[in-house]
Every structure is written in C-alpha cells, then in structure tokens.
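Peer 1: sequence first, predicted coordinates after that:
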Amino acid sequence: MTRRWIGGLALVGLLVAGPAFADRPTTYYTTQTKSATSTSAQTDATLWTPASGKAFVLQGCFVAAETPVRVEFEVSDVDVIPPFVMDSYGTALIGGGENPIYTSAVNAVLTYTTVISGLSATYPNTSVMCWGFEL
C-alpha cells in the first residue's frame, strides 16, 4: 500500500513539473572586445572609447604579462578595477560572470596604466583585453 502511495506521488510530481529549457542567446546587445599589447610603460592609454552619445558596460578583463607588472583600469582617473600586481608570466581574469562589473557614464573612456614591478631590468610584454557592450 505504501509503495503505491509513493509511486503515485512520484507520478504526480513528474506530471506537475514543467519542462526544462535553456534561455536563448540574447539579441539585446552585441558583445565587443577591446585589446592592446605593449612593450613599454603605459599611462592612461585608451582602451575603449564608446561611440558618441553611448556608455559602455564592462563584463570582464583579462591581463597577461611576462614579468611582474602593476595594472590599473580607470575612467576619468577613478579606478574601475582596483590596481593589482601580476606575477612573472602571470595572467589575471576579472569578471562578474553574466553580470556587468562596471557601467560607465555616457562618453566615458576606459584607460589602462601599467607600471613595472619588482627588479626586472626590461619592461615586460603586457597584453590587456576587456569585453562588454555599449548602451
């Protein structure tokens, strides 16, 4: 008798549960990627200038460097991502998953700064890449 009740409840649970599905990819925006590579120190180098009258939504950044280097991402000299130091032959991935990590004001410009860190005699090759979309 108990088995019938459990089986009946399981059957009702399966019939009541809705079908599983995944969301479709969004068509509300087009993801853009901005990247730069440098072999010398960069101070407020422009990485992303949105189209006139638009703002940008930053979804993530990736940085790679050959030797220790300090990296900053800024808008109008205000940190978008707190400054951090890369290790030798290091990489860093900064992201918010599906959520934006920064939304700029209209016509704001994303810049980056790199400063040599440690005792390296030569400046490292440093690559930065950020992605997001414009509003």
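Peer 2: Received, thanks.

Peer 1: excluding its backbone neighbours, what's nearest Ala110?
Peer 2: One correction, residue 110 is Leu, not Ala. Trp48 (3.9 Å; C-beta to C-beta, 6 or more residues apart in numbering). Where you see a C-beta, it was placed from the backbone N, CA and C, and this is true even at glycine.

Peer 1: if you could redo that for Thr103, that was the one I meant.
Peer 2: Nearest to Thr103 is Val57, by C-beta to C-beta, 6+ apart, at 5.0 Å.

Peer 1: which residues does that neighbour contact?
Peer 2: 29, 100, 102-104, 132-135 (C-beta atoms under 8 Å, 6 or more residues apart in numbering).

Peer 1: on that earlier part again, what score does the residue nearest to Leu110 have for pLDDT?
Peer 2: Note on Trp48: pLDDT of 96.

Peer 1: likewise for Asp77?
Peer 2: 90.

Peer 1: from Thr122, how far out is it?
Peer 2: For Asp77, the distance to Thr122 (C-beta to C-beta, to the nearest Å) stands at 28 Å.

Peer 1: got it, and Val85?
Peer 2: 17 Å.

Peer 1: looking at the two, which one has more neighbours?
Peer 2: Neighbours per residue (other C-beta atoms under 10 Å) separate Val85 from Thr122, with Val85 holding more: 14 against 9.

Peer 1: please tell me I have it right and that one contacts Thr114.
Peer 2: No - if you go by C-beta atoms under 8 Å, Val85 and Thr114 don't touch, sitting 10.6 Å apart.

Peer 1: now list whatever residues contact both of these two.
Peer 2: With C-beta under 8 Å, 6+ apart, Val85 and Thr114 have common neighbours 69-71.

Peer 1: need these in a markdown table with distance to Gln42, can you?
Peer 2: What follows is the shared contacts of Val85 and Thr114, written out as a markdown table (distance: C-beta to C-beta, whole Å):
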| residue | distance to Gln42 |
| --- | --- |
| Val69 | 10 |
| Arg70 | 11 |
| Val71 | 9 |
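
Peer 1: among the residues you listed, name the buried ones.
Peer 2: Neighbour-count burial within the shared contacts of Val85 and Thr114 applies to 69, 71; the criterion is 16 or more other C-beta atoms under 10 Å.
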